[in-house]
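Enquirer: sharing a model that was predicted from the sequence below.
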Number of protein chains: 2
Amino acid sequence: MKNVKLTIAYNGTNYSGWQRQSNARTVQGEIERKLRLITKQEIEIHGSGRTDAGVHALGQIASFKSNLSIPINRIAFALNNALPLDIVIKSVEEVDMDFHARYSAKGKKYIYKIYNDSIRNPMYVNHSYFVNGNIDIKKIRESSKYFIGEHDFRGFMSSRSNVKNTIRTIYSIDIYKEENFIILEYKGNGFLYNMVRIITGTLLDVALSKINIENLDYIIKSRDRRNARHKAPPQGLYLGEVYY
Amino acid sequence: MKNVKLTIAYNGTNYSGWQRQSNARTVQGEIERKLRLITKQEIEIHGSGRTDAGVHALGQIASFKSNLSIPINRIAFALNNALPLDIVIKSVEEVDMDFHARYSAKGKKYIYKIYNDSIRNPMYVNHSYFVNGNIDIKKIRESSKYFIGEHDFRGFMSSRSNVKNTIRTIYSIDIYKEENFIILEYKGNGFLYNMVRIITGTLLDVALSKINIENLDYIIKSRDRRNARHKAPPQGLYLGEVYY
């Protein structure tokens, strides 16, 4: 028996998210289907976490246990040949038997890309959030400091989630410009469902002067989703890296 | 009666090309449908030329004549609100009555993007041509010189075309690297059907040492499509600009 770790990048545009569904095309579903073809075994893979429809990944991690007949170093090649072009296996490694992509994860990096211009760019519609208007990047930086550290992020979780422990630690939020893009890099020990998108929407509402920065303290402490602001759309979000 | 010039950018991924078709979604078809909604008139627009399914445009030009009741400076705003996000009207101008997007065109710029790495990048599958292998960019530059100037490009035209005059002038082919991309910019007085894609495929075959640079002279002079090399795929091609 081997324990195998996959590092996966995907373009989420044409998928109903990561998690297997019986009636929809998903990234996990596609990979499992191709693993079955290649190994002739029923293999269930475990991702580090779900991503929603339209969300992308640069370094999603998945793991599975199996008695593989095919050598480990052939799996990436075989899978990449079989998979659609918008999913790529970046690496395949054999890991200790106690490794689990989800339960062993110690933290994650998420990236959110905003396209800021007076006119939308049709090339980036599926890869960024188009925001027309004068975004004050200094205000995003200032506002982001309210979120750093350990907080109860209950107000920044989709109400569809029923996770009990909503305390998380954000280590850093790096914000920088690249041509017309404003890029936010979040690193933390874990993120609640839709947390990055709701924080991003809230930061943007400050930067677009829709709310005052002084309100952030109250918004966070209230732990109430109705006080946090709009949820930035999925196509700007990238799961960057999972830390173990 | 007014003569109106549109500058249009689009992501060709989800379209069966530019030209209106009765049974497929096309860029021209979408724009005409929205113009009808906005102006309550049947308007036929004329593009500077067709683009194939999957080909993109940064600056496609179209023109149409109409007795518009809506002010010219409102059309871009109204169209952009109505159009899908992967098509954008960059500008709308009133032009002389003798202007015609196709017949007045004096030249064009096309851009071809190659993604060169050992592993494909799922974010760029619809926006570039993934080539795995060691591309010698100096060889592309050297080879490109064979194509500059006035030539009979019959051998670099899709056999589905029945254009008679196959003589065209390429003014320049600029080649540069941007991270993992190799970008080719073609400027010329006109391009035959699939000409940029077949030249690009031929240049790549030299750069990948599949043919020798010395063969290019013969390949061009033979005027035979069977001697030219593979046609690079549509998703790497961008109509950059139309010159008048």
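Expert: That came in fine, so what should we check first? Numbering: from 1, shown residues only, chains lettered A, B, ... in the order given.
Enquirer: so who does the residue of chain A positioned farthest from its centre touch?
Expert: Distance to the chain centre peaks in chain A at A:Ser69, reaching 32.5 Å (criterion: Cα atoms, centre = their mean). The neighbours of A:Ser69, taking Cβ atoms under 8 Å, 6 or more residues apart in numbering or on different chains as the test, are A:Thr39. For every residue, glycine as well, the C-beta is placed using N, CA and C.
Enquirer: same thing but 10 Å
Expert: A:Thr39, A:Lys40, A:Gln41 (Cβ atoms under 10 Å, 6 or more residues apart in numbering or on different chains).
Enquirer: which element, helix or strand, includes it?
Expert: Using DSSP states H and E, A:Ser69 maps to neither a helix nor a strand.
Enquirer: against A:Asn3, how distant is it?
Expert: Using Cβ to Cβ, to the nearest Å, A:Ser69 is found at 16 Å from A:Asn3.
Enquirer: about what we covered before: ok, the contacts of A:Ser69 vs B:Ile213, which is closest?
Expert: Set against B:Ile213, the nearest of the contacts of A:Ser69 by Cβ to Cβ is A:Thr39 (44.6 Å).
Enquirer: count of residues packed around that closest one?
Expert: 17 (other Cβ atoms under 10 Å in any protein chain shown).
Enquirer: wait, it touches A:Ala78, no?
Expert: Yes: using Cβ atoms under 10 Å, A:Thr39 is in contact with A:Ala78, at 8.9 Å.
Enquirer: what segments of chain A are helices?
Expert: Along chain A, counting by DSSP state H, helices occupy A:27-39, A:72-82, A:137-144, A:195-207, A:215-222.
Enquirer: so which of those helices is the most packed in?
Expert: helix A:195-207 (a mean of 25; mean count of other Cβ atoms under 10 Å in any protein chain shown).
Enquirer: who's in contact with the residue most central in space within chain A?
Expert: Nearest residue to the geometric centre of chain A (Cα atoms, centre = their mean): A:Leu239, 3.1 Å. Residues in contact with A:Leu239 (Cβ under 10 Å, 6+ apart) are A:8-10, A:12, A:18, A:47-51, A:55-61, A:108-111, A:191, A:196.
Enquirer: for chain B, see how far away it is.
Expert: Applying Cβ to the nearest Cβ, to the nearest Å, the value for A:Leu239 to chain B is 13 Å.
Enquirer: where does chain A come near chain B, residue by residue?
Expert: Applying Cβ under 10 Å from any Cβ of the partner chain, we find that chain A lies next to chain B at A:8-14, A:27, A:56-58, A:76, A:80, A:83-91, A:119-127, A:130, A:235, A:238.
Enquirer: if you set the cut-off to 8 Å instead, what comes out?
Expert: A:9-11, A:56, A:80, A:85-88, A:90, A:119-123, A:125, A:127, A:130 (Cβ under 8 Å from any Cβ of the partner chain).
Enquirer: can you say which of those are buried?
Expert: Buried subset of those (neighbour count, 16 or more other Cβ atoms under 10 Å in any protein chain shown): A:9-11, A:56, A:80, A:86-88, A:90, A:120-123, A:125, A:127, A:130.
Enquirer: identify the farthest-apart pair in the residues you listed.
Expert: Among these, A:Asn80 and A:Arg120 lie farthest apart (Cβ to Cβ), at 32.7 Å.
Enquirer: domain map for chain A?
Expert: A:2-95, A:107-243 (automatic domain parsing).
Enquirer: out of those, which is closest to B:Glu185?
Expert: Across these, B:Glu185 has its closest neighbour in domain A:107-243 (16.4 Å, Cβ to Cβ).
Enquirer: mind checking the end-to-end distance for that closest one?
Expert: With Cα to Cα, to the nearest Å as the measure, domain A:107-243 spans 5 Å from end to end.
Enquirer: show the average pLDDT along that domain.
Expert: Mean pLDDT, domain A:107-243: 96.
Enquirer: now do that domain: distance to the chain's middle.
Expert: 12 Å (Cα atoms, centre = their mean, to the nearest Å).
Enquirer: please apply the same query to stretch A:11-29.
Expert: Distance, stretch centre to chain centre, for stretch A:11-29: 14 Å (Cα atoms, centre = their mean).
Enquirer: and it, end to end?
Expert: 15 Å.
Enquirer: re earlier: tell me the pLDDT at the residue farthest from the centre of chain A?
Expert: 84.
Enquirer: any chance of TSV for the helices of chain A, columns distance to B:Asp98?
Expert: What follows is the helices of chain A, written out as TSV (distance: least, Cβ to Cβ, whole Å):
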stretch	distance to B:Asp98
helix A:27-39	54
helix A:72-82	54
helix A:137-144	47
helix A:195-207	47
helix A:215-222	59
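Enquirer: which one of these lies nearest to B:Glu142?
Expert: Ranking those by distance to B:Glu142, with Cβ to Cβ as the measure, places helix A:72-82 first at 32.3 Å.
Enquirer: what mean pLDDT would you report for the closest one?
Expert: Mean pLDDT, computed over helix A:72-82, is 94.
Enquirer: just the residues contacting that helix, thanks.
Expert: A:2, A:4, A:31, A:34-35, A:37-38, A:68, A:70, A:88-94, B:119-120.
Enquirer: can you do 10 Å?
Expert: A:2, A:4, A:6-8, A:30-31, A:33-35, A:37-39, A:68, A:70-71, A:87-94, B:119-120.
Enquirer: again with stretch A:142-152
Expert: Under Cβ under 10 Å, 6+ apart, the answer for stretch A:142-152 is A:136, A:153, A:156, A:165-175, A:184, A:186-189, A:195, A:199-200, A:202-207, A:211-213, A:215-217, A:219-221, A:223.
Enquirer: repeat the analysis, applying 8 Å as the threshold.
Expert: A:166-173, A:175, A:184, A:199, A:202-203, A:206-207, A:213, A:216-217, A:220, A:223.
Enquirer: please apply the same query to stretch A:168-187.
Expert: Residues from elsewhere that reach stretch A:168-187 (Cβ under 8 Å, 6+ apart): A:107-117, A:121, A:128, A:135, A:137, A:140-141, A:144, A:147-151, A:153, A:188-192, A:195-196, A:199-200, A:203, A:240.
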